[in-house]
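K.L.:
predicted model and sequence follow; I will ask about them next.
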Amino acid sequence: MKNYTITVNGNVYDVTVEEGTGSGAAPVQAPKAAPAAAPKAAPAAAPKAASAGAGSVKVTASVPGKVFKVNAAAGQAVKAGDAIVTLEAMKMEIPVVAPQDGTVASIEVAAGDAVENGQVLATMN
């Protein structure tokens, strides 16, 4: 056992911690189960290939998450900073905005789709 003195918000606590490896194995295994979500992104990879010729500017996901809302439609004119897609990640809504003025050439995702970081969500001209 080890004794530690910890200060939290100005309060001092004396803590005794038991040493052992038995409880350390469970948290290591839990994150290994998380990559099971990765195959959900595999079907979304097919539209990524289709978007190669759709528009010259690719609008990509900045975080992995779920498509909460599609804010723009193909053929719609947008200005730099306008939201094209809204992602939901860690219970936050994150707008993915147009990097420049232009026209949305294609939308590669739909509401409810799981997306990975860097995945193409839309293309612009």
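P.N.:
Nice, thanks for sending it over. Numbering: from 1, shown residues only.

K.L.:
which residue ranges of this protein form helices?
P.N.:
Assigned by DSSP state H, the helices in the chain fall at 25-33, 45-50.

K.L.:
break down the protein into its strands, ranges please.
P.N.:
Assigned by DSSP state E, the strands in the chain fall at 2-8, 11-17, 57-60, 65-70, 77-78, 83-89, 92-97, 102-107, 114-115, 120-124.

K.L.:
what lines up beside the fifth one in the sheet?
P.N.:
It refers to strand 77-78. strand 102-107 (antiparallel) (DSSP bridges).

K.L.:
likewise for the fourth one?
P.N.:
The strands beside strand 65-70 in its sheet (DSSP bridges) come out as strand 83-89 (antiparallel), strand 114-115 (antiparallel).

K.L.:
could you do the second one as well?
P.N.:
When pairs are called by DSSP bridges, strand 11-17 turns out to pair with strand 2-8 (antiparallel).

K.L.:
for the spatially closest residue to Val115 that is not a sequence neighbour, what are its contacts?
P.N.:
Spatial nearest neighbour of Val115, excluding adjacent residues (CB to CB, 6 or more residues apart in numbering): Ala61 at 4.7 Å. No exception for glycine: its C-beta is placed from N, CA and C like everyone else's. For Ala61, the contacting residues are 87, 96, 115-119, 121, by CB atoms under 8 Å, 6 or more residues apart in numbering.

K.L.:
many thanks, we can stop here.
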